[in-house]
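Engineer: Pasting the sequence and the predicted coordinates here, then a few questions.
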Amino acid sequence: MTNLLQRVCVDCFPTRVRLISRGVKCPSACVTCDDPHEDSYHLFFHCKIAIDVLNAVNVWHLIAPYLNQFDNASYITFNLLQKLYASQVENVVTIMWSIWKSLNLKLWQQVSESTVTIMERAKHLLKGWKKANRNRVLQVRFTYLRIQVLKSMMVRLRTTSTVMLDGGNQGVVG
C-alpha cells in the first residue's frame, strides 16, 4: 500500500493515461465505467465504482471537499495524508488499493466486482495488516523495555561501583 501511495503522490501511478504518455499503446478509457480519461484522479475520486465504495464505507465526506480544491489525485492524496487521522488514512488507502485491484481483475481476468466485494477485500487486508504490525509493535516495545531495563541496570552498576570505589564514605556520588 505504501507503494501505491508513493506512486499516486508523485504522479507516476500506471493508469492508462499515464501509460499512453510513456508511449504504451492502449485505450485511454476506464475499464470500469468507460470514461474516456482513466488517470489517477478519475480512478480513485471520480469513477462511479470508487465513489460508490467510498460512500459505502462512509469516507466520501472526507474526500469530497478536496475535489473542489484540487483536480489532481496527488494533491488530493497528499492533503488527505496530512489532514486525516491515522485510522482514516488507513481506511482510505486500503480502499484505494482494493479499487486498483478490482480494476486489474476486470482488465486482466474480466471479473467484475461488486462494491461489497471491494469493501470486504479492503477490510480483510486492513485487518491482516494491523495484526501483522501489532506483533511488530509489540516486539519493538519489548525491545525498548529491555533496553530501558539494561540502561537502568548500567546506571545502578556505575553508581554502586563508584560508591564502592569511593569507600562508601561520602554517601553521595557526583
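Structural biologist: Arrived safely, thanks for sending.
Engineer: hey, where'd the helices end up in this structure?
Structural biologist: 2-9, 16-21, 40-41, 48-56, 60-69, 73-83, 86-109, 115-165 (DSSP state H).
Engineer: Tell me which of those is the most buried.
Structural biologist: Each of the helices of the chain was scored by mean neighbour count; the highest is helix 40-41, a mean of 24, by mean count of other Cβ atoms under 10 Å. The way it works is simple: take the backbone N, C-alpha and C, and place the C-beta from them, glycine included.
Engineer: List the residues that contact Ala73.
Structural biologist: By Cβ atoms under 8 Å, 6 or more residues apart in numbering, the residues touching Ala73 are Val8, Asp11, Phe13, Asp39, Ser40, Tyr41, Leu43, Phe44, Phe45.
Engineer: try 7 Å
Structural biologist: With contact set as Cβ atoms under 7 Å, 6 or more residues apart in numbering, Ala73 has these partners: Val8, Ser40, Tyr41, Phe44, Phe45.
Engineer: With mean pLDDT as extra columns, can I get the helices of the chain in JSON lines?
Structural biologist: Formatted as JSON lines, the helices of the chain follow (pLDDT from 0 to 100):
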{"stretch": "helix 2-9", "mean pLDDT": "78"}
{"stretch": "helix 16-21", "mean pLDDT": "89"}
{"stretch": "helix 40-41", "mean pLDDT": "92"}
{"stretch": "helix 48-56", "mean pLDDT": "94"}
{"stretch": "helix 60-69", "mean pLDDT": "91"}
{"stretch": "helix 73-83", "mean pLDDT": "86"}
{"stretch": "helix 86-109", "mean pLDDT": "91"}
{"stretch": "helix 115-165", "mean pLDDT": "69"}
